[in-house]
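**Q** one predicted model, sequence on top.
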Number of protein chains: 2
Amino acid sequence: MPDEVDPIGDKPLSGIKIVDLTRVLAGPYCTMILADHGARVIKVERPPGGDDSRHFGSYGHGRSAYFDSVNRNKESIALDLRSAPDREVFEELLADADVLTENFRPGVMRRLGYGWPELHARFPSLIHGSVSGFGGEGSPHRDRPAYDMVVQGMSGMMSVTGQPGGPPTRVGVSVGDLAAGLFLTVGITMSLLRRARTGVGNQVDIAMLDCQLALLEYSIGRHLTTGETPGPVGTYRPAVPPPFGSFRTADGYLVIAAGNDKLFAALCTALGRPDLAQDSRFVQGEARKDHEPALQREIEALLAQAGTGHWCAVLGAAGVPCGPINTVDRMLADPHVAARSMLVDVDGGGALPKVVGTPIKFSDVADLTRVTAAPDLDQDRARILAELAARTGGVREWS
Amino acid sequence: MPDEVDPIGDKPLSGIKIVDLTRVLAGPYCTMILADHGARVIKVERPPGGDDSRHFGSYGHGRSAYFDSVNRNKESIALDLRSAPDREVFEELLADADVLTENFRPGVMRRLGYGWPELHARFPSLIHGSVSGFGGEGSPHRDRPAYDMVVQGMSGMMSVTGQPGGPPTRVGVSVGDLAAGLFLTVGITMSLLRRARTGVGNQVDIAMLDCQLALLEYSIGRHLTTGETPGPVGTYRPAVPPPFGSFRTADGYLVIAAGNDKLFAALCTALGRPDLAQDSRFVQGEARKDHEPALQREIEALLAQAGTGHWCAVLGAAGVPCGPINTVDRMLADPHVAARSMLVDVDGGGALPKVVGTPIKFSDVADLTRVTAAPDLDQDRARILAELAARTGGVREWS
């Protein structure tokens, strides 16, 4: 083991340099996580417009909230990878990079002359992280364009989301992109760990569709075991006896998770109807499954007497697992958010006064409480080129 | 850099030993990913019943599909951490472990005498990965029980999922648990990387609620920029002009992602109605936003003439991004699944003939195509104790 110990406050990825060709969401979400934890991320954008998502609404102060939220803590340089001088800059960047990330369609990197065999021969310690809809290798769909919604639809994710009997429903966040970004983050970090042993880089090939399948493990397991084809489950968990789901109150909804007889009895008492727990329709878990709609009606009739805040306090005090169904504004007002640094300040302005913090908290790293605003296109060009000139001993002028 | 290079086929986490106290889903999903990529995971279960999810339906061959799907490739030993002889075994396991994982409620580890200060003093290179509903530190909710549905509800995730105007809807997979498992995987792998530099372990503290906020970054960014409170978005992406969403066909649904004028024109031609692209209601993106319901009706009237498979072929050939909305069984029948090893064989039986593979594919590691079945409770006891005896020089008999 090494003798030197990092000073407290040094981040897990300090010293790691990432050259980032990714655009829009899946790739940038990955490099955002890496940057939040200490990696230097140099975003290489295509002139003249840069990352497409710079032009996606909503806007604040003339900038895209979409772009700004996932590109904080990054630098930007505009390079045209079809131009010889820009390719020279790009290759010089790769020469001391640890990781190259991209989310082009399969084949684009090869056509640019940066296929994995070429990259690996020239930069043997470089790790190449790639994300695409169907993966770089193997899939019969690999050349098809993919969007979040396409992989949410194909995978079965939309088929299990929604109200029972209703249409398939998209998850309200771009889980097709976000899950791919997370699995790419895991893969790159694992490759960095392996390279610490071997000195050799490798390629990580992530397909958005594969990542949706990885999230569907239980729906798939249930299908393979029972032969049933799961449909939209609403807020009801098939494996657990009710009441376990969403319930309407006088002013909104709350979640109650009282999945066993003891919690159900505590719930009935807290609602002022201890007799319900003795009702023959509800006295035992299997019976409650058989009379689930009646149980829902009984509970909602009682909940209609007051609002979500009241019931969360009353049921919580009785030890019944529950919680409000918040809209985003109400969640942000909860003291949890500040206590866990989940909304952080942005230095340098941009669309957003604050952005979501990181959910990965380390005991020996200070909480992330400030980030640097997402870069303007090409804003770090002069400094990056000066660094390259210094490294190459000034024998070459970069422009 | 080290001189030795791992042989091809060695996995990124080969040599890493994990002592795993986690139960049910968030923690086991994390250690499943770590085990899939080479870590040895010793699942320490509480006697007599072990992991609660061993008793969750659906069942196959008398075993839980829920348990079996996320516990493949793990070993099991039953230890009661309140009994002195079992604590001795547990501590001997920790003595050469790299990582300890748990998802108890905050305070349980401390009451067992394994709070982070004690663990770190005794096992300075050990990494402690913890996941709970609201985190080990800081949150006013930290002592409350949390379930997937509680954090989906509180975070706002359910408020943005569902049909427009309809009730808040749970995501059809346990994204509250799964996202927490993924962020814990990232955190542990980052800590292993840091420890390779420093030799010192740390604690990773993951809150399920924080992870939902991290997935909601765009909904939160939109709210902070515009002041709007996002509601259920259905299958419609507010930032992109239609047609971009889900459409009914003669036998199901498909997704069409034709978010610009050129793709819309290609779609109209492929549907046999090139005139629609000239219709004043639809001729330009902003106009299509204003007439979105009329556009949906026009397109669905045409799609009603044939089934999803026909339209995917026709639109795909015309270069229009699209895909079927599959149920799980249809997804599993797609040749993509076999081509990418996303359904793998299980050695040793159990509830499931096959389980979902890993979406993380490395260029220099053979694809995961077989896994070992999830363990019976305590099945590896004798072998694990014999290893401890051998390591401690046989001075102590373990039982």
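**A** All right, it came through fine. Only a predicted model underlies this, so the values are computations on that prediction, with no experimental measurement involved.
**Q** next helix or strand past the lengthiest helix in chain A?
**A** Ranked by residue count and defined by DSSP state H, the top helix of chain A is helix A:175-198. The helix or strand immediately downstream of helix A:175-198 is strand A:203-207, counting by DSSP states H and E.
**Q** residues in contact with that next one?
**A** A:116, A:120, A:127-137, A:139, A:180, A:183-184, A:187-188, A:191, B:340, B:359-364 (C-beta atoms under 8 Å, 6 or more residues apart in numbering or on different chains). For the C-beta atoms, the positions are set from N, CA and C on the backbone; glycine is no exception.
**Q** can you flag the buried ones in the residues you listed?
**A** Buried members of these, scored by 16 or more other C-beta atoms under 10 Å in any protein chain shown, are A:116, A:120, A:127-137, A:139, A:180, A:183-184, A:187-188, A:191, B:340, B:359-364.
**Q** where do the helices sit along the stretch 201-350 of chain A?
**A** A:208-215, A:217-226, A:261-270, A:285-290, A:292-303, A:308-317, A:328-333, A:335-339 (DSSP state H, counting those that start in this stretch).
**Q** and those helices, which is most packed in?
**A** When the helices of the stretch 201-350 of chain A are scored by mean count of other C-beta atoms under 10 Å in any protein chain shown, the highest mean neighbour count falls to helix A:208-215 (a mean of 29).
**Q** may I see the buried residues of the longest helix of chain A?
**A** A:175-195, A:197-198.
**Q** helices or strands next to that helix in the packing?
**A** helix A:26-36, strand A:99-102, strand A:127-132, helix A:148-155, strand A:203-207, helix A:208-215, helix B:175-198, strand B:361-362 (3 or more C-beta pairs under 8 Å, 6 or more residues apart in numbering or on different chains; DSSP states H and E).
**Q** can you redo these as TSV with mean pLDDT and distance to residue B:350?
**A** Listed next are those as TSV, based on pLDDT from 0 to 100; distance: least, C-beta to C-beta, whole Å:
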stretch	mean pLDDT	distance to residue B:350
helix A:26-36	98	33
strand A:99-102	98	37
strand A:127-132	98	32
helix A:148-155	96	24
strand A:203-207	98	27
helix A:208-215	98	19
helix B:175-198	97	21
strand B:361-362	96	25
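**Q** flag the shaky bits of the stretch 1-150 of chain A, pLDDT-wise.
**A** A:1-9 (pLDDT under 70).
**Q** same thing but at 80, please
**A** Filtered on pLDDT under 80, the stretch 1-150 of chain A yields the residue ranges A:1-9, A:57.
**Q** who in it is up against chain B?
**A** A:1-2, A:4-6, A:12-13, A:29, A:33, A:37, A:56-60, A:65-66, A:68-70, A:116, A:120, A:125, A:128, A:134-135, A:137-141, A:144-147, A:149-150 (C-beta under 8 Å from any C-beta of the partner chain).
**Q** in a markdown table, list the helices of the stretch 201-350 of chain A along with distance to residue B:232.
**A** Formatted as a markdown table, the helices of the stretch 201-350 of chain A follow (distance: least, C-beta to C-beta, whole Å):
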| stretch | distance to residue B:232 |
| --- | --- |
| helix A:208-215 | 20 |
| helix A:217-226 | 21 |
| helix A:261-270 | 27 |
| helix A:285-290 | 27 |
| helix A:292-303 | 19 |
| helix A:308-317 | 17 |
| helix A:328-333 | 12 |
| helix A:335-339 | 22 |
